[in-house]
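Colleague: Take a look and give me a structure for this.
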Amino acid sequence: MLITQDINFPLYVRRQDLTKFLVRYELFKMALHVHGSFIECGVLGGAGVMALYHFSSIFEPYNHARRIVGFDTFIGFPSVSDKDGGHVVGEMAEDSYEHLLAVAKEHDANRPIGQIPRLELVKGDATKTIPEYLEDNPHLLVAMLYFDFDLYEPTKTALQYFLPRMPKGAVLAFDEAGVKNWPGETLALVENIEMNELKLERFEWQSTVSYAVL
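Modeller: Numbering: from 1, shown residues only. Prediction:
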């Protein structure tokens, strides 16, 4: 695999995709000075985790403690509940796991202390892999937690396990909170957080992503 120079990439990116890229940038800036890792719940093709990877490489090149950790099955939804609005098992499948690891390895060669990996991908059902990950990484703190699981059960699991590890000033972000077609994410949020104590904000130039600075 060869990573090539292409300063003309904005010629080929859709406005909506570039907007999501800028959303990640704004959230990254909010969490930059908070100690801990960036967790992305739902990786799909990897645009989110790789955006965070690059921002971290650029703005904190010597922060060897920071990790970008992505959780996904990479084979679509492993299960759905009656709170998920009619979605089906196997939906949203994108087998990007090996490709993302290879891309990250190429980029590691182009950054300071690249011998220390910055990207971690955790493959499997998040209701199981999140507790297992914390058993293996009891030192974990979370500076930013981005939700794009879409579903109730994995979102609930992530909130229960990661929220206690988020210090004051950490960023909690949701891709589909309040979105009609994905009710599970919102239900997990309102059942696990006191909403009247959470200042849930949005960007005026993007309609679905919401966030709160704890």
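Colleague: what about the strands in the protein?
Modeller: 37-41, 68-72, 119-123, 142-147, 171-174, 201-202, 210-213 (DSSP state E).
Colleague: Save those as a markdown table, and put in mean neighbour count too.
Modeller: C-betas here are computed from N, CA, C, even on glycine. A markdown table is the format used below for those (neighbours: other CB atoms under 10 Å):
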| stretch | mean neighbour count |
| --- | --- |
| strand 37-41 | 27 |
| strand 68-72 | 26 |
| strand 119-123 | 18 |
| strand 142-147 | 25 |
| strand 171-174 | 25 |
| strand 201-202 | 14 |
| strand 210-213 | 19 |
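Colleague: how about JSON lines for those, with distance to Pro61 and mean pLDDT added?
Modeller: What follows is those, written out as JSON lines (distance: least, CB to CB, whole Å; pLDDT from 0 to 100):
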{"stretch": "strand 37-41", "distance to Pro61": "15", "mean pLDDT": "98"}
{"stretch": "strand 68-72", "distance to Pro61": "14", "mean pLDDT": "98"}
{"stretch": "strand 119-123", "distance to Pro61": "15", "mean pLDDT": "98"}
{"stretch": "strand 142-147", "distance to Pro61": "17", "mean pLDDT": "98"}
{"stretch": "strand 171-174", "distance to Pro61": "21", "mean pLDDT": "98"}
{"stretch": "strand 201-202", "distance to Pro61": "29", "mean pLDDT": "96"}
{"stretch": "strand 210-213", "distance to Pro61": "25", "mean pLDDT": "98"}
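Colleague: With distance to Ser96 as added columns, please give those strands in a markdown table.
Modeller: Shown next, in a markdown table, are the strands of the chain (distance: least, CB to CB, whole Å):
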| stretch | distance to Ser96 |
| --- | --- |
| strand 37-41 | 13 |
| strand 68-72 | 8 |
| strand 119-123 | 9 |
| strand 142-147 | 17 |
| strand 171-174 | 21 |
| strand 201-202 | 28 |
| strand 210-213 | 25 |
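Colleague: Between those strands, which one is closest to Asp6.
Modeller: Of all the strands of the chain, it is strand 119-123 that lies closest to Asp6, at 20.8 Å by CB to CB.
Colleague: Thanks a lot, catch you later.
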